[in-house]
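>>> take a look and give me a structure for this.
(8 chains)
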8 protein chains.
Amino acid sequence: MELTVYLAGQIHDNWRDQVAEKAKEKKLPLHFVAPQTNHDLSDRIGEDILGKQPNSIYRDDAASSVNNLRTQVLMQKSDVVIALFGEKYKQWNTAMDASTAITMGKPTILVRPESLIHPLKELSNKANVTVETVDQALEVLAYIFE
Amino acid sequence: MELTVYLAGQIHDNWRDQVAEKAKEKKLPLHFVAPQTNHDLSDRIGEDILGKQPNSIYRDDAASSVNNLRTQVLMQKSDVVIALFGEKYKQWNTAMDASTAITMGKPTILVRPESLIHPLKELSNKANVTVETVDQALEVLAYIFE
Amino acid sequence: MELTVYLAGQIHDNWRDQVAEKAKEKKLPLHFVAPQTNHDLSDRIGEDILGKQPNSIYRDDAASSVNNLRTQVLMQKSDVVIALFGEKYKQWNTAMDASTAITMGKPTILVRPESLIHPLKELSNKANVTVETVDQALEVLAYIFE
Amino acid sequence: MELTVYLAGQIHDNWRDQVAEKAKEKKLPLHFVAPQTNHDLSDRIGEDILGKQPNSIYRDDAASSVNNLRTQVLMQKSDVVIALFGEKYKQWNTAMDASTAITMGKPTILVRPESLIHPLKELSNKANVTVETVDQALEVLAYIFE
Amino acid sequence: MELTVYLAGQIHDNWRDQVAEKAKEKKLPLHFVAPQTNHDLSDRIGEDILGKQPNSIYRDDAASSVNNLRTQVLMQKSDVVIALFGEKYKQWNTAMDASTAITMGKPTILVRPESLIHPLKELSNKANVTVETVDQALEVLAYIFE
Amino acid sequence: MELTVYLAGQIHDNWRDQVAEKAKEKKLPLHFVAPQTNHDLSDRIGEDILGKQPNSIYRDDAASSVNNLRTQVLMQKSDVVIALFGEKYKQWNTAMDASTAITMGKPTILVRPESLIHPLKELSNKANVTVETVDQALEVLAYIFE
Amino acid sequence: MELTVYLAGQIHDNWRDQVAEKAKEKKLPLHFVAPQTNHDLSDRIGEDILGKQPNSIYRDDAASSVNNLRTQVLMQKSDVVIALFGEKYKQWNTAMDASTAITMGKPTILVRPESLIHPLKELSNKANVTVETVDQALEVLAYIFE
Amino acid sequence: MELTVYLAGQIHDNWRDQVAEKAKEKKLPLHFVAPQTNHDLSDRIGEDILGKQPNSIYRDDAASSVNNLRTQVLMQKSDVVIALFGEKYKQWNTAMDASTAITMGKPTILVRPESLIHPLKELSNKANVTVETVDQALEVLAYIFE
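Below you'll find the predicted structure:
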């Protein structure tokens, strides 16, 4: 039984690679998918495909429509969702993806630092499990196969 | 035909009262529900009901469980959801409520200032309508009855 | 038992008023809802609410987002859908509304002239009942109460 | 991860072959399905199977019942839907398929020429992404795998 | 709390009137709906509305499309379904209505004579409750209010 | 906005009357429904309606089919579910009702004494809120209206 | 793309073998499943597993519970359902299976002789396609792959 | 066709190994999944991953969140559920898992000793099949492939 795991969260460092590497070390039968992690590409994909837009509002809307289609396809294929919050950035897409996953009935693991306990308390309460590190999230996934 | 409208968003000023008042002026058959707007009560409701918790993490989790039940009841009763983002605060509950509503198939109006266009672009693209002021959101609701 | 009926279809004549009047004559306990029938308002509602858009594409998208929210609210409230096709216009909104209704499990009556039998054959086959006049559609509704 | 893509739209030229060929060139792991593209067969399949019908109305209804079963099977198997509108024909089946896909929660890409922006504005607003060429639609699909 | 009860089953005697009368005697807050009980009307409703059909096959299909719309509207409004089988007739509509109700999650009571235990054993096993008389079915409904 | 509340749990004392009385004191707009609280009637209802069964196994199955229909009707009508566990009895129906409610998306409050924390930990984690007394459960309901 | 096809209908001759053989001849990628076709086994499976029951009613109920589990597993795995009616027997299980499939959104082909057009008219109208022979049903399936 | 079977129930003896072994003997194409059967690990998994909790209540809640995620992943992957009740322990997780499975539409087999017929009568009535031994449950599964 292989599981597909959607890795929601910030795209400013390579935490997803670390997750994949550690899963490999533990020989867990996991397949990872994620939002577009190339931030620049993620912002310009609308204009890349549709051409120059009138202003930045429409540039953003064009990009987001492609990003949302991508996420919808990959999340529907997923068995579990990990949503990582860090201390920087607004991270509303992470909140959106986590909430979408929970509402769709996808088992969801929230990862957030201690400093964010209070502002994320309602989302944390709705997620299946809340942990503080991606290592802990992987331990939760490993436990499925134990 | 009366519609029930869930007003998601920050609870630091009385924007909901303004919405209700304006709806009344326009004689729109709308009934408004919302998350707990008494911030202090919202934070302490867990301990108010369950008693003193070991530390602030558990205090927060206790409160969030009651707040989430409340929101689930009221959102299931709603026909439309308005989600208001402002320039301050993390507002992850607003993102969570908007995303839950959209995933449940509730028609959803996003209200956000121009300054937040970029970080909210994916959520905005998933919402039915995005506007910049609550007055505009009310105009959208008024249009349903025209 | 009162039923709410969504009247999808062209907005270039007053067929909906005729339907409502005839229902009243027959004393059928029906409540009618419909897309925005003021064509000009329907086209400009986006700019009316959101202000001037960069060009006609964005003007159209702004209007359609408000129209779609309106339709989603009203169709979710409906018990039956009537979708009327005439000989003029592209009427893709009528096809879209009929198909949405059928996929949502809303009992659906298609009204179309004999000249459109061939191009509408698949949609007609998916609808519950296909008739040629709104009078016939009303007879179908009247039969529910017989 | 291979994706199955339903290609809704007109069946008067070989655009689907071009899509498949380009996907092959880009080495995208896509599997394409589509409505019956042999127009004549699509019109006569009812009588081919059920025998001569009393008149063209029943001939059409017989054919459409077989076509609809085919589409239902294939669309339920699909992960993404592309719906192509061209400048000719009524294309109500394309509108019907796109609307069905969107209502079923299938991620949907609309392809339409600039000339059709206004009449397709509501359907375009409901689709995930709207583009003007099938090449752009393929770029959207390619982006899922980037 | 008033409940709406759909009374599926044969339409050759006035068993539904007896049910309604007994419910009234017991002062149960029940509202009854049912398929068209005027057999002749039920068979000719298609031609009544659509006009003369080419032959009896099409006459039957026209009638059934109107009957099915009627049933779909009323069953979606119902809280409970009673399906009565008697010793005569094929009663495939009764089996169809009972099975539809069970699959939709409508609580369902099957009424059948002892002689039909064997051929109805799988449907009986899927229904919530199986009884032998409509009086017993009413006792089941009365029990909801005790 | 009146809410219907299903009160799952043991039927050996009058805790439901206390809940209803306290709700009345607090002037909460709540309507309560519950499983059959007359234990003897609940056990014999199958034979009361269907007549003498061959042995106690079939007596039990006959009763349970009527009880399950009753619960299904009432739970589908409910907006919130309270499930009370006490220190005595196996209470598998309470666990079944709570789990059904949670899986159906009904907001659910679990009430259990401190002594049952460990054996109920998984069910408690799935419920929205877990409290120790029915007074606390009522406070949760009261909070919805604050 | 291989499709799984559930073959509902009478179990008194080997029509399923003929379907499978013809599908093989046509090289269609179809996998067939079906209710238990050993009639005697189907009737006694309850007692085979659970032991002697008090009387034939309970013997039937025990058998039907096992048969229904089997059908539920196999139908959930199926992409298409064929339901065959013949001139003999009550065939309520066929009506039940066809109606369950249609309500679950499974594309469904009804096969029935001309003599049964009238009593099956409502079920026929709800099925996707109605034909008179299993050869025709196979032609419908073959058309999916053309 | 391989089926995945979730084995809910007590974790105090090796009944699952016996089931797997017997399935292997019978050459049934079954793949088994289950809750965590290492009781000690199941109780401490929360603290193993999240670290020391303030007291046993929070220790239990931490463990249950991980156990519930595990069960949700595995049950969503399952085609059939077997729920075994024994004479000891409260077994509320077994009742919870069985009820969740039934509500999700998973075909469910209940295994319970004769002594538990009365307290499990409602759950037994909702399950597809109730048997007394795991051997009988396996015979039910074997029957699917006959």
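
>>> would you confirm that residue A:5 contacts residue A:28?
No - in this structure residue A:5 lies outside contact range of residue A:28 using CB atoms under 8 Å: 9.5 Å. (Glycine included, C-beta is placed from N, CA and C.)

>>> quickly find the element holding residue A:118.
Following DSSP states H and E, one finds residue A:118 outside all helices and strands.

>>> ok, now which ones touch it?
B:56, B:60 (CB atoms under 8 Å, 6 or more residues apart in numbering or on different chains).

>>> and the angle from the longest helix along chain A to helix C:56-76?
Determined from DSSP state H, the single longest helix within chain A is helix A:56-76. Using axes from the mean of the first three to the mean of the last three CA atoms, to 10 degrees, the inter-axis angle of helix A:56-76 relative to helix C:56-76 is 40 degrees.

>>> helix A:56-76 near chain H anywhere?
No - contact of helix A:56-76 with chain H (CB under 8 Å from any CB of the partner chain) is absent, the minimum separation being 13.0 Å.

>>> what is the mean pLDDT for that helix?
Helix A:56-76 comes out with an average pLDDT of 97.

>>> list the buried residues for that helix?
A:57-75 (16 or more other CB atoms under 10 Å in any protein chain shown).

>>> shared neighbours of residue A:5 and residue A:28, anything?
residue A:141.

>>> which residues of chain A score low on pLDDT?
Low-confidence segments of chain A (pLDDT under 70): none present.

>>> which residues does the residue of it found nearest chain D contact?
Nearest residue of chain A to chain D: residue A:69, at 4.0 Å (CB to the nearest CB). Applying CB under 8 Å, 6+ apart to residue A:69 gives the contacts D:80, D:107, D:109, D:128, D:129, D:140, D:144.

>>> narrow those to those in strands?
Among these, the members found in strands (DSSP state E) are D:80, D:109, D:129.

>>> so how many other residues sit close to the first one?
Read that as residue D:80. As a burial measure, residue D:80 scores 24 neighbours (other CB atoms under 10 Å in any protein chain shown).

>>> so who does it touch?
Residue D:80 neighbours (CB under 8 Å, 6+ apart): A:69, A:73, D:3, D:4, D:5, D:6, D:106, D:107, D:108, D:109, D:141.

>>> tell me the bridge partners for it.
residue D:5 (DSSP bridges).

>>> that one and chain E, how far apart?
Using CB to the nearest CB, to the nearest Å, one gets 29 Å for the distance from residue D:80 to chain E.

>>> how far away is that residue from residue B:99?
21 Å (CB to CB, to the nearest Å).

>>> I'd like the contacts of residue A:69 as JSON lines, with distance to residue F:52 appended.
Formatted as JSON lines, the contacts of residue A:69 follow (distance: CB to CB, whole Å):
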{"residue": "D:80", "distance to residue F:52": "60"}
{"residue": "D:107", "distance to residue F:52": "59"}
{"residue": "D:109", "distance to residue F:52": "65"}
{"residue": "D:128", "distance to residue F:52": "62"}
{"residue": "D:129", "distance to residue F:52": "67"}
{"residue": "D:140", "distance to residue F:52": "68"}
{"residue": "D:144", "distance to residue F:52": "65"}
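
>>> looking at those, which one is closest to chain G?
Out of those, the member with the shortest distance to chain G (by CB to the nearest CB) is residue D:80, at 15.3 Å.

>>> about what we covered before: what about residue A:5 and residue A:28, which has more around it?
Each of residue A:5 and residue A:28 has its neighbours counted (other CB under 10 Å); residue A:5 has more, 23 against 16.

>>> contacts only, for the more buried one.
Residues in contact with residue A:5, defined by CB under 8 Å, 6+ apart, are A:30, A:31, A:32, A:33, A:78, A:79, A:80, A:81, A:82, A:141.

>>> now the third one, which residues is it bridged with?
Which is residue A:32. Bridge pairing for residue A:32 - DSSP bridges - gives residue A:5.

>>> can you pull the contacts of it?
Residue A:32 touches A:4, A:5, A:6, A:7, A:16, A:19, A:20, A:23, counting by CB under 8 Å, 6+ apart.

>>> cool, and the fifth one?
Residue A:78 makes contact with A:4, A:5, A:6, A:33, A:101, A:106, according to CB under 8 Å, 6+ apart.

>>> same check, this time on residue A:109
A:80-83, A:127-131, A:137, A:140-141, H:69.
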